[in-house]
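**Q** Following is a predicted model, sequence given first.
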Amino acid sequence: MSMRIWHQSFTVLGDLPGYEDAMRSHLAKVLRPDTEVVFHGQAAGTYPSNYPGDDIGYGYTFWIHGNQWVAAGRAAEAQGFDAFAMCTLPNPMLREVRSLIDIPVIGMGETCCHMATMYGQRFAIMLFIDRMIPLYLEQIRAYGLEHRCAGVVASGLKFADVLPAYQNPGPLVEQFQDAARRVIRETGADVIIPGEVPLNLLMARNGINRVDDVPILDGLSATLKMAELMVDMQRATGVKHSRAGWFNSVPGRERLDQVAAFYGVDRLKF
């Protein structure tokens, strides 16, 4: 049975020509033929440049941009999508979005960390935005995986280095492999999560799924495959998100609409 998945990026896709096409062509090789992925980014003008890290590297601006994820999740359910896939490693407002909607909500960071434990004993995450390391460590503790994490480290690669490498990947692939070997040697990690989606996608498109004996997890594919699985589970068994307790429940759709209007979140259209 076919399904439609709402993909949500932390980038403004219109600012990154070719990036959406690269994701689309990669996922076409990974997902089932009857799965439709509809790509969405942040609203035009969200950032001062095509690089989100200037904003999301700071706690307050990271969280306030999270309002777009709330609006996007609600729009995904209202428009009849089968799942909402948060395709960014820090999966902002993950618990909050799950509390608001009844379709499956999949966070890339949560998915990658849990899946990494199925491929090895201790994983490491390699990032561009080293300012965000404390956030990832806090999230990993919340996932209950602190003892399975070997480290969250700066890759030494930058967003501005990765985009040109889509045309000439060889040198950057070698830099990544060298950096991964250093991380493996220094942390003892036996699985690597290659950070933000642009770097993840570049490695996956170039067949880099291993450095020596250590698997390199394709988190974008993992997230969308998990979306397929969760839709299948909901259809087959009826299982949905918990609605028990403070984190999982909300006061009701009418009150949500009132609060969204009061703070202007209702003006964020998807």
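**A** That came through, no problem. Remember, it's a predicted structure, so these values are computed and weren't measured experimentally. Numbering: from 1, shown residues only.
**Q** Where do the strands of the stretch 51-200 of the chain begin and end?
**A** Per DSSP state E, counting those that start in this stretch, the stretch 51-200 of the chain has strands spanning 83-86, 105-107, 123-127, 149-154, 191-193. These are given in chain order.
**Q** Which residues does the last one contact?
**A** The one in question is strand 191-193. Counting contacts by C-beta atoms under 8 Å, 6 or more residues apart in numbering, the residues outside strand 191-193 that touch it are 89, 112-113, 116-117, 119-120, 122-126, 180, 183-184, 211, 214-217, 219. Every C-beta, even on glycine, is put in place using the N, C-alpha and C of the backbone.
**Q** quick one: the most centrally placed residue in the chain and Ile106, what's the gap?
**A** Centrality entry for the chain: nearest residue to the mean C-alpha point is Thr88, 2.4 Å, by C-alpha atoms, centre = their mean. Here the distance between Thr88 and Ile106 works out to 11 Å (C-beta to C-beta, to the nearest Å).
**Q** you'd agree the residue nearest to the centre of the chain is up against His40?
**A** No: between Thr88 and His40 there is no contact, the gap being 11.8 Å when judged by C-beta atoms under 8 Å.
**Q** anything in contact with each of those two?
**A** Residues touching both Thr88 and His40 by C-beta under 8 Å, 6+ apart: Gln8, Ser9.
**Q** show me where the stretch 101-250 of the chain has helices.
**A** Secondary structure of the stretch 101-250 of the chain (DSSP state H, counting those that start in this stretch): helices located at 108-116, 133-142, 159-165, 170-187, 197-205, 219-237.
**Q** Dump the ones you listed into JSON lines; add distance to Leu31, mean pLDDT and mean neighbour count as well.
**A** Formatted as JSON lines, the entries for these read as follows, by distance: least, C-beta to C-beta, whole Å; pLDDT from 0 to 100; neighbours: other C-beta atoms under 10 Å:
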{"stretch": "helix 108-116", "distance to Leu31": "15", "mean pLDDT": "98", "mean neighbour count": "23"}
{"stretch": "helix 133-142", "distance to Leu31": "26", "mean pLDDT": "97", "mean neighbour count": "15"}
{"stretch": "helix 159-165", "distance to Leu31": "23", "mean pLDDT": "89", "mean neighbour count": "17"}
{"stretch": "helix 170-187", "distance to Leu31": "24", "mean pLDDT": "97", "mean neighbour count": "16"}
{"stretch": "helix 197-205", "distance to Leu31": "13", "mean pLDDT": "96", "mean neighbour count": "23"}
{"stretch": "helix 219-237", "distance to Leu31": "6", "mean pLDDT": "98", "mean neighbour count": "19"}
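**Q** will you turn the ones you listed into CSV that also has distance to Thr46?
**A** Written out in CSV, the entries for the helices of the stretch 101-250 of the chain read as follows (distance: least, C-beta to C-beta, whole Å):
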stretch, distance to Thr46
helix 108-116, 19
helix 133-142, 19
helix 159-165, 15
helix 170-187, 26
helix 197-205, 16
helix 219-237, 21
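**Q** Those: which one's closest to Asp15?
**A** helix 159-165 (10.5 Å; C-beta to C-beta).
**Q** tell me what the closest one is packed against?
**A** helix 170-187, helix 197-205 (3 or more C-beta pairs under 8 Å, 6 or more residues apart in numbering; DSSP states H and E).
**Q** and Arg141, which of those is closest to it?
**A** When the helices and strands packed on helix 159-165 are compared (using C-beta to C-beta), the closest one is helix 170-187, at 17.1 Å.
**Q** For Gly195, the count of nearby residues, please.
**A** The local packing count at Gly195 equals 26, with neighbours defined by other C-beta atoms under 10 Å.
**Q** so who does it touch?
**A** Contact criterion C-beta under 8 Å, 6+ apart gives Leu89, Ile125, Met126, Leu127, Phe128, Ser155 as the residues in contact with Gly195.
**Q** I appreciate the help and will end here.
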